[in-house]
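build me a structure from this.
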Amino acid sequence: MNRAALRYRTLLEQLDAWTADARRRHPEVLPCRPGCTACCHGPFDISAADVLLLRETVAALPSERRALIAAQAEEAARRQQDLAPTWQSPHAVEGLGEAPFDALCEALADEPCPCLVDGLCAVYEGRPLVCRLMGLGLAAPDGRVLANGCPIQSEFPAYAELAPQPLDLTAFEETEQACLVEAGLQLSGEEAEAGFETTIAMALGGAAPG
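Residues are numbered from 1 along each chain as shown. From the prediction side, this is the model:
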């Protein structure tokens, strides 16, 4: 794995540790576990760093698994392109526009993630940032609060009522920004691509930068 992708994965592992700590402090409350795919449906935007890490993670998989994910990603990318025929390479969310992208996501909300294989995430170690934040509310020292985004939390009252868990988001974001710049350079040779966002399908089966 190249240095930029490895640096970003190491950063994201802080979120895994944050979730594990919450699980230790609140035993039997967090329902997230292998086999639950409630939040693994529908397209969503991922960053340049996520694109880089995903590609590196998929490249390290056995050939049959790589081929399966590539086929699923290509099929998902075709469905997205069919709904947004004017969306051009490199399929940046910004290039499509916020309202059309939201409409595309809503239309495909039930579509499984291209990286799901037999009900499990095939790229779990390299999954995007948003996937790691989905199942817990977050409270930053500066007062920012990110709500728990789990779509089935209403089925687990104690989980839904769990207070946002503390995380030094400012320090995290400082390192994340450096990773985004590195990823932009890796993908396109331009620091300006640090702000690039696309979908998993387009990153793996479409024509995102690189």
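
need the contact list for the residue nearest in space to the middle of the chain.
Centroid-nearest residue in the chain, with Cα atoms, centre = their mean: P128, separated by 2.9 Å. By Cβ atoms under 8 Å, 6 or more residues apart in numbering, the contact list for P128 reads I46, S47, D50, L53, L54, I200. To be clear about C-beta, it is placed using only N, CA and C from the backbone, and glycine gets the same treatment.

could you measure it against E174, distance?
19 Å (Cβ to Cβ, to the nearest Å).

count the neighbours of the nearest residue to P164 once chain neighbours are set aside for me.
Distances taken as Cβ to Cβ, 6 or more residues apart in numbering place G137 nearest to P164, at 3.4 Å, with adjacent residues excluded. Look at G137: counted by other Cβ atoms under 10 Å, it has 18 neighbours.

go on, A122?
With other Cβ under 10 Å as criterion, A122 counts 21.

what's the closest non-adjacent residue to it?
The shortest distance from A122 to any residue other than its chain neighbours is 5.2 Å, reached at C115 (Cβ to Cβ, 6+ apart).

all helices of this protein, in order?
With helices called from DSSP state H, the chain shows them at 3-25, 48-59, 63-83, 93-96, 98-107, 129-133, 157-160, 169-188, 200-205.

ok so, going back, residue contacts, the residue nearest to P164?
Counting by Cβ under 8 Å, 6+ apart, G137 has contacts V145, L146, A147, N148, L162, A163, P164, Q165.

just curious, which of those residues is nearest to Q14?
Q165 (12.7 Å; Cβ to Cβ).

bridge partners for the closest one, pull those for me.
L138 (DSSP bridges).

what about the closest residue to E56 other than its chain neighbours, neighbour count?
Spatial nearest neighbour of E56, chain neighbours left out: A5 (4.2 Å); criterion: Cβ to Cβ, 6+ apart. Residues near A5, counting by other Cβ under 10 Å, number 23.

report pLDDT for A5.
Per-residue pLDDT puts A5 at 96.

for it, give me its contacts.
Residues in contact with A5 (Cβ under 8 Å, 6+ apart) are L52, L53, R55, E56, T57, G126, A183, Q186.

buried only: go through the residues you listed for me.
The neighbour count (16 or more other Cβ atoms under 10 Å) marks L52, L53, R55, E56, T57, G126, A183, Q186 as buried among those.

how about CSV for these, with distance to L204 and pLDDT added?
Below are the buried ones among the contacts of A5 laid out as CSV (distance: Cβ to Cβ, whole Å; pLDDT from 0 to 100):
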residue, distance to L204, pLDDT
L52, 12, 97
L53, 12, 98
R55, 7, 97
E56, 12, 97
T57, 10, 98
G126, 11, 97
A183, 15, 95
Q186, 16, 90
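
contact partners for L11?
F172, T175, E176, C179.

closest one of the residues you listed to W18?
Relative to W18, the closest of these is F172; by Cβ to Cβ it sits at 9.3 Å.

the closest one: neighbour count?
18.

the residue nearest to it when sequence neighbours are not counted - how many residues pack around it?
Distances taken as Cβ to Cβ, 6+ apart put Q14 closest to F172, at 6.6 Å, once the chain neighbours are dropped. When counting by other Cβ under 10 Å, one arrives at 15 neighbours for Q14.
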